[in-house]
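Participant: Here is a sequence with its predicted model. Questions after.
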Amino acid sequence: MTDPIRSLRTVNLNLLPILAELLRCRNVTHAANLLNLTQSTVSGALRQLREIFDDEILVQRGRAMHLTEKARRLAPDVERLVELTSRLFQTEDFDPLTAATNFRIATADYVSALVASQIGKTLQTQAPNVSLTLVPTPGSSAKSLRQGTLDLIICPNRRANLEACGIGEDDADFGLEVFKLDDWVAIQWADHPSAGRDLSYDEYFDRPHAIYCRTDGRNTIEQDALDSLGIHQKNRFLIPYFTLLPQIVVGSNLIGVVPESLADQYSKLFHIHVFRPPYPLPPLESAMIWARNREATADLDWLRSVIRQVTS
């Protein structure tokens, strides 16, 4: 097994910021200007990088330089490595007005839509140089939290969702906070003949439905509720994105079920009627999850406070 410390000692880590800028700029001169280095220094660094990776990194095509396929694959990892290195050597104090941190949050599409619609104003006024990367929640999310390449997971506080992220319910490595409760609502096209009122049980289940489904095959909250009641629903569309449901029901006979906060937001954008489904659904508990080894850091504490603020 390769010794990671020994491997690091064989690499000139001064090349890392140069590699990062070359991948961003795709231009030796621009990278040199941003790094306050001479063009010959950056050109020499590029030669070393080509030897290390056994790849051209940048190739000339016409008048422009382009990343090789290997360089494109390297870019996200290099960005995260630069960010982690920056955090490692920064002081414990975190001033959002001067910080240039890129926070990474793994979450579902509906949370991304809600957070993105609100957090922009907050970042503009409180943290003008802070950026946010929102990514899906694959099974490696827990590992990424431990390694520090991910700052938060936001997902429903359910065993199935936690396990899909690689987290046990009583896992001592992680902190968890439920920060928002959402009721479930049904949506339909606002010009449908039944719009403007709640539907009876028979009316509701006689209609075709567009339903959110998980990509891992596990049941959603809606599917669990229907199964527990022994209800068979006519699912015409099964879609792994809550944010598509308001668009799909418009102009159709379809009914969908979404979190109420998402319905409130999308009812301003799409011609939909929001009403209560004729069967009980447990509320959606949205939880923030973080690694305990970073629990007391000022930057993560600030991020959690902002999430609470914009979703309250």
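Facilitator: Happy to help now that I have it.
Participant: contacts, neighbours, all on C-alpha from now
Facilitator: Will do.
Participant: Got the phi and psi for the nearest residue to A45 once chain neighbours are set aside?
Facilitator: Excluding the flanking residues, the one nearest A45 by Cα to Cα, 6 or more residues apart in numbering is L15, at 6.5 Å. Note on L15: backbone dihedrals following degrees, to the nearest 10 are phi -80, psi -20.
Participant: Read off the pLDDT value for L15.
Facilitator: Note on L15: pLDDT of 86.
Participant: What's the separation between it and Y201?
Facilitator: With distances taken as Cα to Cα, to the nearest Å, L15 is found 65 Å from Y201.
Participant: Show me the helices in this structure, by range?
Facilitator: For the chain, the helices defined by DSSP state H occupy 4-9, 15-25, 28-35, 39-53, 69-89, 109-126, 141-147, 159-164, 201-206, 221-229, 245-249, 260-266, 298-311.
Participant: what packs against the fourth one?
Facilitator: Other elements packing on helix 39-53 under the criterion 3 or more Cα pairs under 8 Å, 6 or more residues apart in numbering; DSSP states H and E are helix 15-25, helix 28-35.
Participant: can I get the CA coordinates of the last one in PDB?
Facilitator: Output for helix 28-35, consisting of C-alpha atoms alone and laid out as PDB, is shown next (Å, rounded to 0.1, in the frame of the first residue of the first chain):
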ATOM      1  CA  VAL A  28      -0.500  30.500 -19.400                       C
ATOM      2  CA  THR A  29      -0.300  34.300 -19.600                       C
ATOM      3  CA  HIS A  30      -3.600  34.900 -17.700                       C
ATOM      4  CA  ALA A  31      -2.600  32.400 -15.000                       C
ATOM      5  CA  ALA A  32       0.800  34.100 -14.600                       C
ATOM      6  CA  ASN A  33      -0.900  37.500 -14.100                       C
ATOM      7  CA  LEU A  34      -3.400  36.100 -11.500                       C
ATOM      8  CA  LEU A  35      -0.600  34.400  -9.600                       C
END
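Participant: before we move on, back to that, ok, L15 and Y201, which is more surrounded?
Facilitator: Neighbour count, other Cα atoms under 10 Å: between L15 and Y201, L15 has more, with 14 against 11.
Participant: So that one sits against S43, correct?
Facilitator: No - L15 is beyond contact range of S43, at 11.3 Å (criterion: Cα atoms under 8 Å).
Participant: Overlap in contacts, these two.
Facilitator: Taking Cα atoms under 8 Å, 6 or more residues apart in numbering as the contact criterion, no residue touches both L15 and S43.
Participant: Now do the residue nearest to A298 when sequence neighbours are not counted against N102, distance only.
Facilitator: In space, and not counting its chain neighbours, A298 is closest to F94: 5.5 Å by Cα to Cα, 6+ apart. Distance of F94 to N102, computed by Cα to Cα: 13 Å.
Participant: and what of L13?
Facilitator: 21 Å.
Participant: Counting neighbours, go ahead and name the busier of the two.
Facilitator: N102 (16 against 10).
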